[in-house]
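In: Here is a sequence with its predicted model. Questions after.
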Amino acid sequence: MEGLLASGEQGSGSRVVVDVTYEEAHSIYALLVCTLLLFANEETFFSRIGAFRENLTDMAHGFWKVVRELGD
(Lines give C-alpha, C1' and ligand atoms only; values in the text may rest on other atoms or scores of the structure.)
Protein backbone atom coordinates (compact mmCIF):
# COMPACT_ATOMS: atom_id res chain seq x y z
CA MET A 1 0.00 0.00 0.00
CA GLU A 2 2.85 2.40 0.79
CA GLY A 3 4.32 1.82 -2.65
CA LEU A 4 0.98 2.51 -4.28
CA LEU A 5 0.58 5.78 -2.38
CA ALA A 6 4.19 6.77 -3.11
CA SER A 7 3.54 6.35 -6.85
CA GLY A 8 0.56 8.69 -6.73
CA GLU A 9 0.28 12.37 -7.56
CA GLN A 10 -0.56 14.94 -4.92
CA GLY A 11 -4.14 16.11 -5.28
CA SER A 12 -5.90 18.93 -3.49
CA GLY A 13 -5.51 19.00 0.29
CA SER A 14 -4.41 15.64 1.64
CA ARG A 15 -5.60 13.67 -1.39
CA VAL A 16 -3.33 11.40 -3.37
CA VAL A 17 -4.36 10.43 -6.90
CA VAL A 18 -3.30 6.94 -7.95
CA ASP A 19 -3.83 4.97 -11.13
CA VAL A 20 -4.86 1.42 -10.23
CA THR A 21 -6.28 -1.60 -11.99
CA TYR A 22 -9.71 -2.98 -11.15
CA GLU A 23 -8.04 -5.80 -9.22
CA GLU A 24 -5.96 -3.33 -7.18
CA ALA A 25 -9.08 -1.27 -6.46
CA HIS A 26 -10.83 -4.42 -5.27
CA SER A 27 -7.88 -5.16 -2.97
CA ILE A 28 -8.05 -1.64 -1.52
CA TYR A 29 -11.77 -2.07 -0.89
CA ALA A 30 -11.21 -5.46 0.76
CA LEU A 31 -8.50 -3.97 2.98
CA LEU A 32 -10.83 -1.16 4.09
CA VAL A 33 -13.65 -3.59 4.88
CA CYS A 34 -11.41 -6.11 6.67
CA THR A 35 -9.91 -3.37 8.82
CA LEU A 36 -13.34 -3.06 10.45
CA LEU A 37 -12.95 -6.59 11.83
CA LEU A 38 -9.47 -6.21 13.33
CA PHE A 39 -10.47 -4.51 16.57
CA ALA A 40 -12.71 -5.80 19.35
CA ASN A 41 -14.37 -2.52 20.22
CA GLU A 42 -14.97 1.01 18.97
CA GLU A 43 -12.58 2.62 21.46
CA THR A 44 -9.61 0.52 20.33
CA PHE A 45 -10.57 1.01 16.69
CA PHE A 46 -10.68 4.79 17.11
CA SER A 47 -7.41 4.99 19.04
CA ARG A 48 -5.55 2.93 16.42
CA ILE A 49 -7.18 4.17 13.20
CA GLY A 50 -8.16 7.70 14.18
CA ALA A 51 -11.70 7.45 12.87
CA PHE A 52 -14.96 5.78 13.77
CA ARG A 53 -16.04 2.53 12.11
CA GLU A 54 -18.94 4.32 10.44
CA ASN A 55 -16.48 6.69 8.75
CA LEU A 56 -14.44 3.81 7.37
CA THR A 57 -17.58 1.96 6.26
CA ASP A 58 -18.83 5.04 4.42
CA MET A 59 -15.42 5.58 2.82
CA ALA A 60 -15.20 1.94 1.67
CA HIS A 61 -18.67 2.00 0.15
CA GLY A 62 -18.07 5.40 -1.49
CA PHE A 63 -14.78 4.15 -2.91
CA TRP A 64 -16.41 1.04 -4.37
CA LYS A 65 -19.30 3.06 -5.81
CA VAL A 66 -16.84 5.24 -7.72
CA VAL A 67 -14.91 2.19 -8.94
CA ARG A 68 -18.12 0.65 -10.29
CA GLU A 69 -19.15 3.93 -11.96
CA LEU A 70 -15.74 4.31 -13.62
CA GLY A 71 -15.93 0.74 -14.85
CA ASP A 72 -19.10 1.41 -16.84
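Out: Now that the structure is in, tell me what you want to look at. Residues are numbered from 1 along each chain as shown.
In: Tell me where the chain is predicted with low confidence.
Out: Residue ranges of the chain with pLDDT under 70: 1, 72.
In: my read: Asp18 touches Ser7, true?
Out: Actually, residue 18 is Val. It isn't Asp. Yes. Counting by Cβ atoms under 8 Å, Val18 touches Ser7, with 6.5 Å between them. (C-beta placed from N, C-alpha, C; glycine too.)
In: any chance you could map the helices in the chain?
Out: All helices of the chain, identified by DSSP state H, fall at 2-6, 22-35, 42-49, 53-71.
In: for the second one, the distance to its chain's centre please.
Out: In terms of Cα atoms, centre = their mean, to the nearest Å, the centre of helix 22-35 is set 7 Å apart from its chain centre.
In: Give the burial count for Phe45, as a bare number.
Out: Using other Cβ atoms under 10 Å, Phe45 has 19 neighbouring residues.
In: As CSV, the helices of the chain with distance to Gly13 would be great.
Out: Below are the helices of the chain laid out as CSV (distance: least, Cβ to Cβ, whole Å):
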stretch, distance to Gly13
helix 2-6, 15
helix 22-35, 19
helix 42-49, 19
helix 53-71, 15
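In: picking up where we left off before, more neighbours, Val18 and Ser7?
Out: More crowded of Val18 and Ser7, by other Cβ under 10 Å: Val18, with 14 against 11.
In: What residues does the more buried one make contact with?
Out: Going by Cβ atoms under 8 Å, 6 or more residues apart in numbering, Val18 touches Leu4, Leu5, Ser7, Gly8, Glu9.
In: how about 7 Å then?
Out: Listed by Cβ atoms under 7 Å, 6 or more residues apart in numbering, the contact partners of Val18 are Leu4, Leu5, Ser7, Gly8.
In: Could you measure from it over to Phe46?
Out: Val18 sits 26 Å away from Phe46 when distances are taken as Cβ to Cβ, to the nearest Å.
In: Ok, Ser14 next?
Out: Ser14 is 19 Å from Phe46, by Cβ to Cβ.
In: So between the two, which is more surrounded?
Out: Phe46 (14 against 6).
In: separation between the more buried one and Arg53?
Out: 8 Å.
In: Could you do Glu23 as well?
Out: Applying Cβ to Cβ, the value for Glu23 to Arg53 is 26 Å.
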